[in-house]
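Enquirer: could you work out the structure for the sequence below:
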Amino acid sequence: MPVADILQLGNPTLRARSVPVPEPDGAGVRVLAADLRDTLRAHHDRTGYGRGIAAPQLGCLERVIHVELEGSRTLVNPVITARSDEAMEIWDFCFSYFSIFFPVRRHVLVEVAYQDPQGREQRLEAAGHLSELLQHEIDHLDGVLAIDRVTDVRRICSIAEWEKRHAAENERVVAEALRALR
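Expert: Just a heads-up that it's a prediction; the model follows:
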């Protein structure tokens, strides 16, 4: 499948709300899912970063995301149906403005209802990193970017500075948040 260009910050499509997919098991979804997967994997192979991507980042305003964390899955029409009260401040970045990292607040646990590309109804309870990733990607479907959720603009930093100063923080924060739930 072709590797698509990823829309960049400032492109108005990234701020638009995506529409539900009426036929989650249709041929168009299968093509889009493959494009999302292949683009994500190519970006990861090139940069070492990337765990998820949303259809709007490829210019398609349909409610479809693809994640590669705790397995590889495409979620069609995903909706967060439950969120934990517990939150964590975690470092985030985005392919659509790849050169910066920044802290955001995310729920430690979420439950997501969605359809798979075969049209079957699914539910997923996600914790920690997967929870954060799903929140990030589902936000894209509503025209919300992670940069909108930054908790402290003074902490925005380049990839090089993040790797030098903060890379180990996410693992500690997620582990502490999950321990607090028990």
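
Enquirer: could you measure from Ala160 over to Val150?
Expert: Distance, Ala160 to Val150, by C-beta to C-beta, to the nearest Å: 19 Å. For glycine as for every other residue, the C-beta is placed from the backbone atoms N, C-alpha and C.

Enquirer: and for Asn11?
Expert: In terms of C-beta to C-beta, Asn11 sits 19 Å off from Val150.

Enquirer: for Asp35, same thing?
Expert: In terms of C-beta to C-beta, Asp35 sits 29 Å off from Val150.

Enquirer: so which of those two has more stuff around it?
Expert: Taking neighbours as other C-beta atoms under 10 Å, Asp35 and Val150 compare with Asp35 leading, 20 against 17.

Enquirer: per-residue confidence at the more buried one?
Expert: The per-residue pLDDT reported for Asp35 equals 97.

Enquirer: who's in contact with it?
Expert: When contacts are counted by C-beta atoms under 8 Å, 6 or more residues apart in numbering, Asp35 touches Met1, Pro2, Val3, Ala4, Leu58.

Enquirer: and which of the residues you listed is nearest to Tyr97?
Expert: Of all the contacts of Asp35, Leu58 has the smallest distance to Tyr97: 15.6 Å, by C-beta to C-beta.

Enquirer: select the longest strand from the protein.
Expert: Of all segments of type strand in the chain, defined using DSSP state E, the longest is strand 72-83.

Enquirer: buried ones in that one?
Expert: The neighbour-count check on strand 72-83 (16 or more other C-beta atoms under 10 Å) flags Arg73, Thr74, Leu75, Val76, Asn77, Pro78, Ile80 as buried.

Enquirer: would you agree Phe95 is in contact with Ala54?
Expert: No: the criterion here is C-beta atoms under 8 Å, and Phe95 misses it with Ala54 at 9.4 Å.

Enquirer: ok, for Arg106, nearest residue in space, not its chain neighbours?
Expert: Glu132 (4.4 Å; C-beta to C-beta, 6 or more residues apart in numbering).

Enquirer: A helix includes that neighbour, no?
Expert: Yes: counting by DSSP: H, G, I helix; E, B strand; the rest coil, Glu132 is found in a helix.

Enquirer: state the pLDDT value of it.
Expert: pLDDT for Glu132: 97.

Enquirer: and for it, the neighbour number?
Expert: By the criterion of other C-beta under 10 Å, Glu132 has 29 neighbours.

Enquirer: show the contacting residues for it.
Expert: Contacts of Glu132 (C-beta under 8 Å, 6+ apart): Met88, Ile90, Asp92, Arg106, Val174.

Enquirer: which of the residues you listed fall in strands?
Expert: Of the positions in the contacts of Glu132, Met88, Ile90, Asp92, Arg106 sit in strands, assigned by DSSP E.
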